[in-house]
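> this is a predicted model, with the sequence first.
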Amino acid sequence: MNDANSSSPHASRKQPVKRSTSAPDLYTGEPPLQSAHNTWAKVKTDLGYALGPNVHRSWTGQLRVSQANERIVTLAAPSRFIASKIEANYADTVRRLWKKHDMVAPPRDIIFSATNERSALASPTPRRKAAENTAPLHTPYLQEVKSDVPVPADLEETKPTSTDNPRDRFTFDNFVVGASNELAFAVARQIASCRAPQYNPIVIHGANGMGKTHLLHAIEDAARASDPSYRVKLISSENFVSAFVSSVRGTGRDAIEAFKASLRDVDLLIIDDAHFIADKPGSQEELLHTLVSLVAQGRQILIAADRHPDKIEKASDRLKSYLSSGLVCRIGAADYELRLRILDRLIQRRRASGNPELAIPQNARDHLAARMNATPRDLEGAFNQIVAQSEFLGTPITLETVQDTLSDSRYMAGQRLTVDRIQRAVCEAFGLSLTDMVSKRRARQIARPRQVAMYLSKKLTKRSLPDIGRRFGGRDHTTVMHAVKRIDELRAVDAEFNGQIEAVEATLKT
Ligand SMILES: Nc1ncnc2c1ncn2[C@@H]1O[C@H](COP(=O)(O)OP(=O)(O)OP(=O)(O)O)[C@@H](O)[C@H]1O
C-alpha cells in the first residue's frame, strides 16, 4: 500500500521503494496494461463531453493504449500528424481526465506516439521494439512526485515543461467565483489553510461539471504548498471501493489493516464523487468507519458528490446523516455573468498557452455565454470546439462561426440530457420521488409520470429502449415502447396533459 501513503512526501523520501514497472496495480490488482485500458475507457467518455463529439472523433477518439507500465502510459495515434496535433492541443485535457479517473496511482507520464495501431494493441511490445515503433512527442509529468526508479532512456526523450502539468489549471486562481459557488470557494480556501477543522465533515455538492474536482485539486495543492508536512489524500470513491475490495480479497488481515492505515494516516482526507459508493454497502460501512475515526482525531474530511447527501439513493441512513451533520454546501448553476467570466478566463489561458492571437468578438462571447446555459464543463467543451476549429482551419472566430458550431453541436443543454436528468425533472413536475420513479409500484399517479419520463428519455436522448428500461428499475424494452406509444396518444387528445409535458421539456432545455 505504498501509494496510499504517497501523500506524505516525507514517507516517500525516507523509504524509496523500488517496484517492478510491470507490477500489478496496488489497488485493483490489475496488470498495468489492463488498468490503463480501463482508465482510458473512462477518459474517452469524458473527452467526448470535454472536447465535443466532433473534435473527439477526429482526434483523441483515434488514440489507443499501446503500452503501459506503472509510470508511463503510451497512447498511440494512427499517424504522427495526429499524435502531434493531440499533443499540441488536447494533451492537457487527456492528462487531467486521466488523473481524475486514476487518482490513487496515476502514471507519471502520458506519451502520445505515432505507431502502428494494430501491432501496438496486439501485445505490449518489448522496450527495444517500443523504441523502434513509438516516437514519443513529449514526456510531461502527471505529478511532481519523483520516482527513484529510472525512466527508461528510450522514453526520456524530452523533459517536461511546467505549463504541461494539468494540475496547474486546477488552482484557486483559475477558479472563477460567482454567486453560485462563492460559499464552496470560501470553504475550500479555509480548508486549504490547514487550520484545525471548524466544520467536519464538509460536503461540497453540485451537478456534473460544476467545478467540484477543480476545487478539490486546488485545495490539495494549496494545502501542501502552505504546509508541506500536512498530509493530504485525495481519492475518488471509485478508487476507495477498488482499494477496499482488493484489500478484503487480499492476503489476510495485513491487507485490510494496510488499507485502513493508508487512509487514516492523513490530516485531510478528500473523497471525490462520493455518490458512486451508494450501492456498495460494505464499502459504505468502511467509509463511515474511516470518517468517524478521522473526525474523532480532529482530522479534516471533505467529500464531493453530485447531490446532497440526503439525496444519495441507496446510501445507508447512517452514512447520509453523518455526511449531513457537518457543513453541506452546494455549487449551483453558473449564471450568465459567471459564464462570461469563465469564458474570458478560458480565452486568457489559451492565449497564454499557444495562441496569443486568439480573438473572440464581444458579440460572439455574449452569444456563447448566453446560449451555453449548461455547466462550466459544457462551456469549456464548446469553447474548445470553436477554438480548435478556428486554429485548424485558420479561420477567424465570429458570431456566425459560434452560432454555426453551437447549432450543429451537442453542447446545448437539451442535447446533453441524461435519463437521470429527465427523471428528476419529471419527478419535480409531477411531485414524485426518484425512488418511486424507478420502483415496481404501478399506482396510476406513479406509473403515468414514469411513462412520461420514459417517453422523454426516448425522445430527447440517444439511449436505446433496453437501456432506458434498465434505468427505470430494470424494466423490459417493451414497457418503454408501450410508454412512448401511450404518451404520444395522450398528448394528441389531452391538451392539458400535453401542456404539462411541454413545460417539462422547456425546463430541460433551459
Ligand atoms: N468556477 C469555475 N471557474 C473556472 N473553471 C471552472 C469553474 N467551474 C468548473 N470549471 C471547469 O469546468 C470543468 C469541469 O469541472 P470539474 O471537473 O471540476 O467538475 P465536477 O463538478 O468535478 O464534475 P464531475 O462531477 O462530473 O466530476 C473543469 O475544466 C473546470 O476547470
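Looks like it came in fine. Numbers count the residues shown, from 1 in each chain.

> so for the closest residue to the ligand within the stretch 101-250 of the chain, what's the pLDDT?
Proximity of the stretch 101-250 of the chain to the ligand (C-beta to the nearest ligand atom) peaks at Gly211, 2.6 Å away. For every residue, glycine as well, the C-beta is placed using N, CA and C. At Gly211 the predicted local confidence, pLDDT, stands at 92.

> His367 in helix, strand or coil?
Of the three states, His367 takes helix under DSSP: H, G, I helix; E, B strand; the rest coil.

> renumber starting at 36 from here on
Got it, first residue is 36 now, which makes that one His402.

> what sits up against the host helix or strand of Cys364?
Following DSSP states H and E, one finds Cys364 within strand 362-365. With C-beta atoms under 8 Å, 6 or more residues apart in numbering as the test, strand 362-365 has contacts from 218-219, 222, 234, 236-241, 343-344.

> at 10 Å what do you get?
If you take C-beta atoms under 10 Å, 6 or more residues apart in numbering as the criterion, strand 362-365 is touched by 215-223, 225, 232-242, 245, 337-338, 340, 342-345.

> alpha carbons of it, as PDB, please.
In PDB, the C-alpha atoms belonging to strand 362-365 read as follows (Å, rounded to 0.1, in the frame of the first residue of the first chain):
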ATOM      1  CA  LEU A 362     -21.300  21.600   6.700                       C
ATOM      2  CA  VAL A 363     -23.000  21.000   3.400                       C
ATOM      3  CA  CYS A 364     -22.500  23.500   0.600                       C
ATOM      4  CA  ARG A 365     -23.800  23.500  -2.900                       C
END
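
> tell me the helix or strand right after that strand.
helix 371-387.

> can that next one be found next to the ligand?
Yes. Applying C-beta under 6 Å from any ligand atom, one finds helix 371-387 in contact with the ligand at 377, 380.

> report the buried residues of that helix.
373-375, 377-378, 380-382, 384-385 (16 or more other C-beta atoms under 10 Å).

> output the contacting helices and strands for it.
Helix 371-387 sits against helix 397-406, helix 411-428, with contacts defined as 3 or more C-beta pairs under 10 Å, 6 or more residues apart in numbering; DSSP states H and E.

> if you compare these, which one is most tucked away?
Of these, the one with the most neighbours on average (mean count of other C-beta atoms under 10 Å) is helix 411-428, at a mean of 21.

> quick check, that helix touching the ligand?
Yes. Applying C-beta under 6 Å from any ligand atom, one finds helix 411-428 touching the ligand at 411-412, 415.

> would you mind pulling up the elements that that helix packs against?
Other helices and strands packing on helix 411-428, by 3+ C-beta pairs under 10 Å, 6+ apart, are helix 67-86, helix 88-93, helix 115-124, helix 126-136, helix 247-261, helix 371-387, helix 397-406, helix 434-442.

> which of those helices comes out lowest on mean pLDDT?
helix 88-93 (a mean of 73).

> check the offset of that one from the chain's centre.
Centre-to-centre, helix 88-93 and its host chain are 18 Å apart (C-alpha atoms, centre = their mean, to the nearest Å).

> alpha carbons of it, as PDB, please.
Extracted C-alpha coordinates of helix 88-93, given in PDB (Å, rounded to 0.1, in the frame of the first residue of the first chain):
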ATOM      1  CA  PRO A  88     -18.000  14.800 -30.100                       C
ATOM      2  CA  ASN A  89     -16.700  16.100 -33.400                       C
ATOM      3  CA  VAL A  90     -13.200  17.100 -32.100                       C
ATOM      4  CA  HIS A  91     -13.100  13.900 -30.100                       C
ATOM      5  CA  ARG A  92     -14.000  11.700 -33.000                       C
ATOM      6  CA  SER A  93     -11.400  13.400 -35.300                       C
END
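
> just checking, next helix/strand downstream of it?
Next along from helix 88-93, by DSSP H and E: strand 99-103.

> returning to what we had before: which ones among the contacts of strand 362-365 map onto strands?
Filtering these for membership in strands, criterion DSSP state E, returns 237-240, 337-338, 340.

> adding neighbour count, write the residues you listed out as JSON lines.
What follows is the ones in strands among the contacts of strand 362-365, written out as JSON lines (neighbours: other C-beta atoms under 10 Å):
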{"residue": "Ile237", "neighbour count": "23"}
{"residue": "Val238", "neighbour count": "24"}
{"residue": "Ile239", "neighbour count": "29"}
{"residue": "His240", "neighbour count": "23"}
{"residue": "Leu337", "neighbour count": "26"}
{"residue": "Ile338", "neighbour count": "26"}
{"residue": "Ala340", "neighbour count": "25"}
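
> just these that are near the ligand?
When contact is defined as C-beta under 6 Å from any ligand atom, the ones in strands among the contacts of strand 362-365 do not meet the ligand at all.

> reformat these as CSV; add distance to Thr109 and pLDDT.
Listed next are those as CSV, based on distance: C-beta to C-beta, whole Å; pLDDT from 0 to 100:
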residue, distance to Thr109, pLDDT
Ile237, 39, 96
Val238, 38, 96
Ile239, 35, 96
His240, 37, 94
Leu337, 34, 96
Ile338, 34, 96
Ala340, 34, 92
